[in-house]
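1. Sharing a model that was predicted from the sequence below.
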Amino acid sequence: MPFWNPRLLAVQRSAFSRAAVLATPLIGLLVADKAFKLIMVERSVGPARLQDFSSFGPEMIARHNLVVLGVVIAVVGVLLSHLLGRRRGKVGVSVGWLLSLPLIYAATVLGSVLHADAEPFDPSIWQAAVEELGNLLALWWREGLIAAFIIAALSWHFASASQRPARWRTIALGGLLVLGCLVVGVDFGYFIATGVQLTNDDVGYAISAPRETWFVAHGSISALACLPLTIALIGTAMTYLALVWHRPKSKPAGPPRHTVPLAPLVGAAIALSIAAPALPSDVALKAYTDSPLLHLTIDELPSSLRRRFALGMGGSISKRVQTLTFGPVTTARTATTRKLNVVIVMLESTRADATTVYSPGLATTPFLAQLARESLVVDNMYAVIPRTSAAWVAILSGRYPASHEVIKEYASRGPVPQMQSSLPVLLRAQGYQSAFFTSTTPFFENDRDILRSLAFDKVVTQLQIPPPSTGLVTPFGWEDLAVLPPIGHWLDTQVSRGTPFLLTVMTNVGHHPYGLPSGFPIAQYTRRNPQQNSYLNCIRYIDGFLHQLVDELRARGLLDNTVLMILGDHGEEFQEHGGHIHGFALYDESLHIPLLIRLPPADGRTGHVRGLRQQIDILPTVTDALGLTLQGTPLPGKSILGSAGHDALFFSTHSERSSVAMRDISHKYIYSFDKNVTKVFDLSRDPGELDDVRAATPAATISQVETDLLAWHHRVNQSYLGRTGEQSN
C-alpha cells in the first residue's frame with residue numbers, strides 16, 4: 001500500500017476515541033502550561049507571579065489573548081463538534097474541538113486587523129497579521145506534534161490490544177503518560193511558584209542532589225503550584241479507569257467497519273512542524289517556544305553526547321588558561337610584615353547594583369556607602385561560581401572552586417583533605433587564631449566538608465547559636481543579628497590573649513525566599529517585582545547588621561588595626577535573562593559583586609580600584625596587606641593592592657551539566673554545554689548582556705574561546721580529583 005494512501009495505519013474508530021480520551025489530561029496540561037506562560041508574557045508584567053492575576057482589565061484584550069480565545073473556543077468547539085459529530089460520530093466530535101483553535105485564532109487576528117486604527121488596506125497591518133499567524137505556528141507546532149504522536153501510539157496500542165504483548169505495552173505507555181504529566185506538571189508548578197521555566201540545569205541538579213533540592217524547595221511549595229500536576233495525574237487515572245470499566249465488547253474477527261487513518265494525523269503534524277517558523281517574530285515570546293517534554297527530556301540526549309566528545313577537539317590552549325597544580329603553599333615574612341587583624345564578611349546573595357555604593361540612587365546600604373568613603377571600592381569584582389560554598393573555596397583558599405558534583409566526589413574520598421592553601425592554615429603559621437561565624441545551617445550540600453578542609457580554629461553555625469525570638473527567617477537559619485553575641489565573646493577572648501586573628505562572617509538574610517524578622521520596616525524600592533522588593537529590603541537589613549558588626553570592632557579598639565573586607569558571595573537573578581535565584585546563569589546579575597577593603601587609616605588608601613578582579617584575589621590581597629609573601633605552588637589570584645588585575649576572568653555554574661564563561665576587558669563569552677554554543681556580548685556597548693553578537697564575531701575567536709573554556713574547566717576539575725590539571729591537545 002503506498003505511503004500516501006490515506007488509510008495507511010488505519011485503526012478502529014473505537015481505538016482512536018479511547019486514545020484521544022486517555023491522552024486528554026497530558027495534552028490539556030501541555031496546552032494549559034503554554035497558555036499560562038503566554039498570558040503572562042502578553043501582560044508584560046515582568047515576573048509571572050500569580051498575584052498579578054488580581055488586576056484583569058481591558059489590557060487583556062490584546063492580540064492572541066488566550067483567555068478570551070479559551071472562552072470563544074469553548075463555544076465554537078461545542079458547535080463544531082456537534083455538527084461534525086452528527087456526521088462522523090466520535091471522530092467528528094474530536095475534530096471539531098481541534099479545528100476550533102486555529103479557526104478562532106485566525107478570526108481573532110483578522111478582527112484585530114479590521115478594527116485597527118490604521119487603514120484596512122495598509123500593507124503593514126496585514127504584514128502584522130501574517131506575523132501573528134506565524135507566531136501561532138512557531139509557538140504551538142511542538143504541542144501539536146507531541147499530541148499527534150501520543151494519540152497515534154495509544155491508538156495503535158488499543159487497536160492491537162488483543163495481541164499477547166499488550167500488557168507490556170500498557171505498562172510502558174502508561175509509564176510514559178505518567179512521566180509526561182510529571183515533567184509538564186512540575187514545570188507548570190515551578191513557573192507558578194517562581195515565574196520562570198524549569199531548565200535542564202534545575203533538573204540535573206535535582207537528580208544529583210535530591211536532598212538539597214527538597215531543602216530549598218519545600219518552603220516554596222504551595223497547593224497552587226501542585227495543582228496542575230495533581231489534576232493531570234488524577235485525570236489520567238480517572239480516564240484510564242473509565243476506559244477499563246467501559247472496555248468495548250470483543251467482536252468477531254474480520255476487517256473493522258469504521259476506521260480512522262493515523263498517517264494523515266501524524267503526517268500533518270510533521271508537515272506543520274517543518275513549515276512552521278523556528279521562532280516567533282515577537283522577541284518576548286521566544287523563551288516560551290519549547291515544550292517541557294522536548295526541552296527537559298529529548299534535548300538532553302544530544303547535548304550529553306556533545307559534552308562527552310567536545311573536550312579536546314579544539315586548537316591549542318592560550319596562555320590565559322593557567323596551569324592549576326595545587327601543591328603546598330606557605331607564607332614568609334618580609335621587611336614590611338605587620339600583625340594586623342583580618343575580618344572578612346561575606347554577604348549572602350548580594351549583587352553589586354543592589355547596594356548604594358554601586359547604585360547611588362538606591363538607598364539600601366547607607367552605612368556601607370559611608371564606609372566606602374574610607375575604603376577601597378573595587379569596581380569590577382566578580383564571583384567565580386554563583387554559589388555560597390564555592391565562594392568560600394575561592395575567597396578562603398585562593399583556588400578556583402569546582403562544581404557541586406566534583407566537590408562531592410572530592411569530599412567522598414575518605415577524610416576530607418585539608419586545602420593546602422587555606423587562609424586559616426597560612427595565618428596560623430604566623431600566630432593567628434581563626435574563626436568562622438554564620439547563623440545558617442551547616443548541613444546543606446558539602447558545607448561541612450568545605451569548612452573542615454579550610455581548617456578554622458573555631459566554627460560557629462546555627463547549631464551553636466541559641467534560637468532568637470524571631471525564629472527562622474529562611475530555611476537556612478536565623479537572622480544575622482543572632483550571631484553578634486558569640487562574635488563579641490570570641491573577640492573579647494582574642495583581645496585578652498593579645499593575639500592577631502582572622503574572623504570570617506557569612507550572613508544569612510538575603511537568601512531566597514528573602515525572609516526578614518517580623519517587625520522589620522519594609523520600604524518600597526520597586527513595584528515591578530514583589531520578590532525583588534523583598535530582596536532589596538534584605539540588603540537594607542544586612543547594612544544594619546554590618547553597622548553593628550563594625551561597632552563591635554570599634555568598641556574594642558580593633559577597627560583601626562584591622563584589614564576589613566566586605567564582599568558578596570554571589571549575585572541574584574530577577575529575570576533579567578529569564579532566570580531566578582542563582583547558580584545556573586553566568587550573567588553579571590549573578591557574578592558582579594561588591595567589594596570594600598578598609599585598610600588601617602595610617603595607610604591612607606581609599607578610592608576606586610579598576611581592573612578585572614575575582615574572589616580568588618582575596619587571599620593574595622590579605623597576605624599582601626599583612627606584608628607576607630606566598631611561597632610554594634603558585635595560586636591563580638593576584639593581589640588587588642599591587643596589580644593591575646586580570647586579562648581575563650573565568651566562570652562556571654554550580655552544576656557540571658551547565659555552562660562556563662570568560663570575560664575579558666570588552667567581551668563576555670558564555671559557552672553552554674547543553675546547546676554546545678557560545679553567546680558573545682560586547683560589554684562596551686551592551687553592559688546588560690542582551691544582544692548576542694556571535695554572528696558578527698570571527699569564527700577563529702569563538703573557537704579559541706571555546707578551547708580555552710573547556711581547558712580551564714577540565715583543569716579545575718582535575719585539580720580536585722588528584723591530578724595536575726594539565727591537559728594535552
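-> Okay, I see it.

2. now the helices: where do they sit in the stretch 551-700 of the chain?
-> 588-591, 618-625, 699-720 (DSSP state H, counting those that start in this stretch).

3. Check which helices and strands the first one sits against.
-> Right, the one you point to is helix 588-591. For helix 588-591, the packing partners by 3 or more CB pairs under 8 Å, 6 or more residues apart in numbering; DSSP states H and E come out as strand 573-574. For the C-beta atoms, the positions are set from N, CA and C on the backbone; glycine is no exception.

4. tell me the SS of the closest residue to Val473 other than its chain neighbours?
-> What sits nearest to Val473 in space, not counting adjacent residues and going by CB to CB, 6 or more residues apart in numbering, is Gly515, at 4.1 Å. With DSSP: H, G, I helix; E, B strand; the rest coil as the basis, Gly515 sits in coil.

5. list the contacts for Gly515?
-> Contact partners of Gly515, counting by CB atoms under 8 Å, 6 or more residues apart in numbering, are 472-474, 509, 538.

6. picking that back up, out of the helices of the stretch 551-700 of the chain, which comes closest to Gly267?
-> Gly267 lies closest, by CB to CB, to one member of the helices of the stretch 551-700 of the chain: helix 699-720, at 38.3 Å.

7. what packs against the closest one?
-> helix 404-411, strand 649-652, strand 659-663, strand 667-672, strand 677-682.

8. how about a cut-off of 7 Å?
-> helix 404-411, strand 659-663, strand 667-672, strand 677-682 (3 or more CB pairs under 7 Å, 6 or more residues apart in numbering; DSSP states H and E).

9. one step back: with neighbour count as added columns, please give the contacts of Gly515 in CSV.
-> Shown next, in CSV, are these (neighbours: other CB atoms under 10 Å):
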residue, neighbour count
Leu472, 17
Val473, 26
Thr474, 23
Val509, 30
Cys538, 30
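
10. What about those, which are in helices?
-> Cys538 (DSSP state H).

11. Which residue is the nearest non-sequential neighbour of the residue most central in space within the chain?
-> With distances taken as CA atoms, centre = their mean, Phe584 lies nearest the centre of the chain, 4.2 Å away. Once flanking residues are discounted, Phe584 sits nearest to Asp201: 3.9 Å by CB to CB, 6+ apart.

12. Near that neighbour, how many other residues are there?
-> By other CB atoms under 10 Å, 21 other residues sit near Asp201.

13. avg pLDDT for the helix or strand encompassing it?
-> Under the criterion DSSP states H and E, the helix or strand holding Asp201 is helix 200-208. Per-residue pLDDT over helix 200-208 has a mean of 73.

14. any idea how far it is from the chain center?
-> From the chain centre to the centre of helix 200-208 is a distance of 10 Å (CA atoms, centre = their mean, to the nearest Å).

15. quick revisit: who touches the residue nearest to Phe584 in this structure?
-> Neighbouring residues of Asp201 by CB atoms under 7 Å, 6 or more residues apart in numbering: 584, 653, 655, 657-658.

16. picking that back up, sort out which residues of the helix holding Asp201 are buried, please.
-> For helix 200-208, the neighbour count (16 or more other CB atoms under 10 Å) marks 200-206, 208 as buried.

17. before we move on, the earlier item: export the helices of the stretch 551-700 of the chain to a markdown table and append columns for mean pLDDT, mean neighbour count and distance to Leu179.
-> Below are the helices of the stretch 551-700 of the chain laid out as a markdown table (pLDDT from 0 to 100; neighbours: other CB atoms under 10 Å; distance: least, CB to CB, whole Å):
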| stretch | mean pLDDT | mean neighbour count | distance to Leu179 |
| --- | --- | --- | --- |
| helix 588-591 | 95 | 25 | 31 |
| helix 618-625 | 96 | 24 | 46 |
| helix 699-720 | 88 | 20 | 32 |
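
18. where along the stretch 101-250 of the chain do the helices fall?
-> Going by DSSP H, counting those that start in this stretch, the stretch 101-250 of the chain shows helices at 123-159, 166-194, 200-208, 210-217, 223-245.

19. Mind giving me the packing neighbours of the first one?
-> Packed against helix 123-159 by the contact rule (3+ CB pairs under 7 Å, 6+ apart) you find strand 10-12, helix 13-43, helix 66-114, helix 166-194, helix 263-275.

20. sorry, back to before: kindly state which of the helices of the stretch 101-250 of the chain is positioned closest to Leu396.
-> Nearest of these to Leu396, taken as CB to CB: helix 210-217 at 21.3 Å.

21. For the closest one, list every residue counted as buried.
-> Neighbour-count burial for helix 210-217 [16+ other CB under 10 Å]: 212, 215-217.

22. How about stretch 152-161?
-> Within stretch 152-161, the residues that qualify as buried are 152-159, 161, counting by 16+ other CB under 10 Å.

23. can you redo those residues as TSV with pLDDT?
-> Shown next, in TSV, are those (pLDDT from 0 to 100):
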residue	pLDDT
Ala152	85
Ala153	85
Leu154	85
Ser155	84
Trp156	83
His157	82
Phe158	81
Ala159	80
Ala161	62
